[in-house]
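Enquirer: With the input below, show me the fold.
(chains A, B, C and D)
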2 protein chains.
Amino acid sequence: MNPNEFLKHIAYDSVVFGFSGEKLKILVMKYKNTDYYALPGGFVGLEEDLNAAVRRGLKERTGLDNIFLEQFYTFGNVSRSKPEFMRAIMESNGGINESRWMLDRFISIAYYALINYNDVELRPDAISESCDWYDLDNLPELIFDHKEILEKALATLRSNLETKLMGVNLLPTMFTMKDLQKVYEAILGEKLHRGAFQRKILGMNLLKRHEKQFSGAAHKAPFLYSFER
Amino acid sequence: MNPNEFLKHIAYDSVVFGFSGEKLKILVMKYKNTDYYALPGGFVGLEEDLNAAVRRGLKERTGLDNIFLEQFYTFGNVSRSKPEFMRAIMESNGGINESRWMLDRFISIAYYALINYNDVELRPDAISESCDWYDLDNLPELIFDHKEILEKALATLRSNLETKLMGVNLLPTMFTMKDLQKVYEAILGEKLHRGAFQRKILGMNLLKRHEKQFSGAAHKAPFLYSFER
DNA sequence: TTAATATTGTCACAAATTGAGACAATAAAT
DNA sequence: ATTTATTGTCTCAATTTGTGACAATATTAA
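Expert: Below you'll find the predicted structure:
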């Protein structure tokens, strides 16, 4: 897409959560030839739906379609724009001739996404050196107000977990009750009681129970579940 | 504020809730010389914080400072823009010379506000004929996607009522437990049990109890409360 | 072959929360 | 003094949640 075809002053940022090794992770990109780390973000085409723009950006970076995606806040303070940083990033990428508009003030619509860690093929974009997973408790420093955006995303995720969504999309299609509990624990940051957790989740009637899996471990085999319905 | 000093393609819309006569009401404005009704909205100054812009707009229309205000969603579909409507509105207001930019596509950040119905001095702005309260169940048809915006505001208000906020700002400083219950019932759209409601609210420890009021009614006088703390 | 170990599915019981009605207290009208 | 409407609070039942316990079972060790 041609850069002249974006809406000025409007950007999006995405907080992409994944789950692996019992830990919650997020996608962070690093700008080429700098030490600047940022959330994956982008711009909206002149004739493009906002949500579609975000999905496009995520597809480009992760290869995934049909991501679970939810908008949670729009950041619109003047002070969030830092032209000096932006200039430095752009100069490390071959000048700023064509894209002075990127130095302007931006209002950013923030989204969070839940994706299956294992399905992803990470692809850094043109101006980034890498796009990688980081443990939530071991993040590099983020530029702009991206730390604040992340924290608000996490708070929203936590409060939505109790009501709206389940661990959707952070797990493969088939998973055990224990897997799901680990996801909940990673998101909420606390241990849950096994019996009560199982009772609550099954009570929601959103899971489909499948055949047991024989994992080879030295104990009773757990049922497998999926989110079918 | 000079119209040339607004960010293009960015607007806000506000759903302003008030409470009177046991009913929930919202502010709706009517454009001059048209039959178009809309939510109060506006634009963001080039060097103005987003939240500040919304507060400015509400202050102009209601005279109120320090409104309870919360952002809940940003509407960004291409299809939400209706240049024909906008053109009609502008032509009923003395032409479109200076303000072609208003025919463009807009992304709108939506807020809801809770205010004390009685404190308000309604003032229509330059291009509106009126700015008035309407019962939630007796609204005129709204233009653009404003009906959808309203419904999402109401859903957000309902779900926040149970956790975050209380009936704050919809009531005068001093109110009775029954007043507060009426607000909850109006927002949730259902009757609540008196005893349980009182127990729950008092259990939150957010209310300060004051002297009883002698209303002149033929029964035991209720305590007054305020949100102090 | 039997016993030990780890983990699972489920239940039982206690604790906490919520729903619903009951009752005395009280401000004004009769 | 009696009646009426409404309030503040309480009690009991119903429901939900927290916690541990127990049998079942897949594998390993003896």
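
Enquirer: Whether the longest strand along chain A contacts chain B - can you check?
Expert: Secondary structure of chain A per DSSP state E: the longest strand is strand A:6-20. Yes. Strand A:6-20 is in contact with chain B by CB under 8 Å from any CB of the partner chain, via A:7-10. The C-beta positions use only the backbone N, C-alpha and C, and glycine is treated the same way.

Enquirer: How far away from the center of its chain is that strand?
Expert: Distance, stretch centre to chain centre, for strand A:6-20: 8 Å (CA atoms, centre = their mean, to the nearest Å).

Enquirer: what mean pLDDT would you report for that strand?
Expert: Here strand A:6-20 scores 96 as its mean pLDDT.

Enquirer: mind listing what that strand pairs with, with the direction of each?
Expert: Strand pairing for strand A:6-20, determined by DSSP bridges: strand A:23-31 (antiparallel), strand A:41-45 (antiparallel), strand A:107-114 (parallel).

Enquirer: What is the subsequent helix or strand relative to the second one?
Expert: Using DSSP states H and E, the helix or strand that follows strand A:41-45 in sequence is helix A:50-62.

Enquirer: got the angle for that next one vs strand A:107-114?
Expert: 60 degrees (axes from the mean of the first three to the mean of the last three CA atoms, to 10 degrees).

Enquirer: that older thread, and the strands paired with strand A:6-20: which comes nearest residue A:208?
Expert: strand A:107-114 (19.3 Å; CB to CB).

Enquirer: Report the distance from the closest one to the chain centre.
Expert: Worked out by CA atoms, centre = their mean, strand A:107-114 lies 8 Å from the chain centre.

Enquirer: now stretch A:13-23
Expert: With CA atoms, centre = their mean, you get 6 Å for stretch A:13-23.

Enquirer: before we move on, which element is the residue lying closest to residue A:59 once chain neighbours are set aside in?
Expert: Distances taken as CB to CB, 6 or more residues apart in numbering or on different chains put residue A:65 closest to residue A:59, at 6.1 Å, once the chain neighbours are dropped. Take DSSP H and E as the rule and residue A:65 turns out to sit in neither a helix nor a strand.

Enquirer: wait, isn't residue A:65 in contact with residue A:52?
Expert: No. Residue A:65 sits out of contact with residue A:52 when judged by CB atoms under 8 Å, with a separation of 11.9 Å.

Enquirer: Pick out whichever of the two has more residues nearby.
Expert: Each of residue A:65 and residue A:52 has its neighbours counted (other CB atoms under 10 Å in any protein chain shown); residue A:52 has more, 14 against 8.

Enquirer: Surely residue A:227 and residue A:209 touch.
Expert: No. With contact defined as CB under 8 Å, residue A:227 does not count as touching residue A:209 (11.7 Å).

Enquirer: okay, the two: which has more neighbours?
Expert: residue A:227 (16 against 12).

Enquirer: For that one, which residues are in contact?
Expert: Counting by CB atoms under 8 Å, 6 or more residues apart in numbering or on different chains, residue A:227 makes contact with A:166, A:168, A:173, A:206-208.

Enquirer: just the helices in chain A please.
Expert: Secondary structure of chain A (DSSP state H): helices at A:50-62, A:83-91, A:146-161, A:177-188, A:194-203.

Enquirer: how deep is the residue nearest to residue A:182 when sequence neighbours are not counted tucked in, by neighbour count?
Expert: What sits nearest to residue A:182 in space, not counting adjacent residues and going by CB to CB, 6+ apart, is residue A:22, at 5.2 Å. Using other CB under 10 Å, residue A:22 has 10 other residues around it.

Enquirer: Ok, residue A:25 next?
Expert: Residue A:25, neighbours per other CB under 10 Å, totals 22.

Enquirer: so what's it closest to, chain neighbours aside?
Expert: residue A:133 is the one closest to residue A:25 (CB to CB, 6+ apart), at 4.3 Å.

Enquirer: Around chain B, which positions in chain A sit nearby?
Expert: Checking chain A against chain B by CB under 8 Å from any CB, the hits are A:7-10, A:44, A:46-51, A:71, A:73-79, A:105, A:107, A:109, A:159, A:163.

Enquirer: Quick check on these: which are buried?
Expert: In the residues of chain A next to chain B, burial by neighbour count holds for A:7-10, A:44, A:46, A:48-51, A:71, A:73-76, A:105, A:107, A:109, counting by 16 or more other CB atoms under 10 Å in any protein chain shown.

Enquirer: List the contacts of residue A:139.
Expert: By CB under 8 Å, 6+ apart, the neighbours of residue A:139 are A:26, A:28, A:37, A:150.

Enquirer: near DNA strand D, which residues of chain A?
Expert: A:193-196, A:199-200, A:212, A:214-221 (CB under 7 Å from any atom of the strand).

Enquirer: can we see that at 10 Å?
Expert: With CB under 10 Å from any atom of the strand as the criterion, chain A meets DNA strand D at residues A:162, A:191-200, A:203, A:212-222.

Enquirer: just to revisit the earlier point, how about the strands paired with strand A:6-20, which one is nearest DNA strand C?
Expert: strand A:23-31 (17.9 Å; CB to the nearest atom of the strand).

Enquirer: can you list the domain ranges for chain A.
Expert: Residue ranges for the domains of chain A, per automatic domain parsing: A:3-161, A:177-226.

Enquirer: would you list these in CSV and tack on distance to residue B:33?
Expert: Output for the domains of chain A, formatted as CSV (distance: least, CB to CB, whole Å):
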stretch, distance to residue B:33
domain A:3-161, 31
domain A:177-226, 52
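
Enquirer: among the ones you listed, which is nearest residue B:94?
Expert: Using CB to CB, the nearest of these to residue B:94 is domain A:3-161, at 27.7 Å.

Enquirer: what about that closest one, near DNA strand C?
Expert: No. Domain A:3-161 stays out of contact with DNA strand C when judged by CB under 10 Å from any atom of the strand, the minimum separation being 12.7 Å.

Enquirer: and which of the residues of strand A:6-20 next to chain B is nearest DNA strand D?
Expert: Among the residues of strand A:6-20 next to chain B, and counting by CB to the nearest atom of the strand, the member closest to DNA strand D is residue A:10, at 40.6 Å.

Enquirer: Distance check, the closest one against DNA strand C.
Expert: 41 Å (CB to the nearest atom of the strand, to the nearest Å).

Enquirer: just residue A:48 next, same as before
Expert: 44 Å.

Enquirer: measure that residue to residue B:86 for me?
Expert: Shown here: residue A:48 relative to residue B:86, a distance of 20 Å by CB to CB, to the nearest Å.

Enquirer: Just to check, residue A:72 is in contact with residue A:113?
Expert: No. With contact defined as CB under 8 Å, residue A:72 does not count as touching residue A:113 (10.8 Å).
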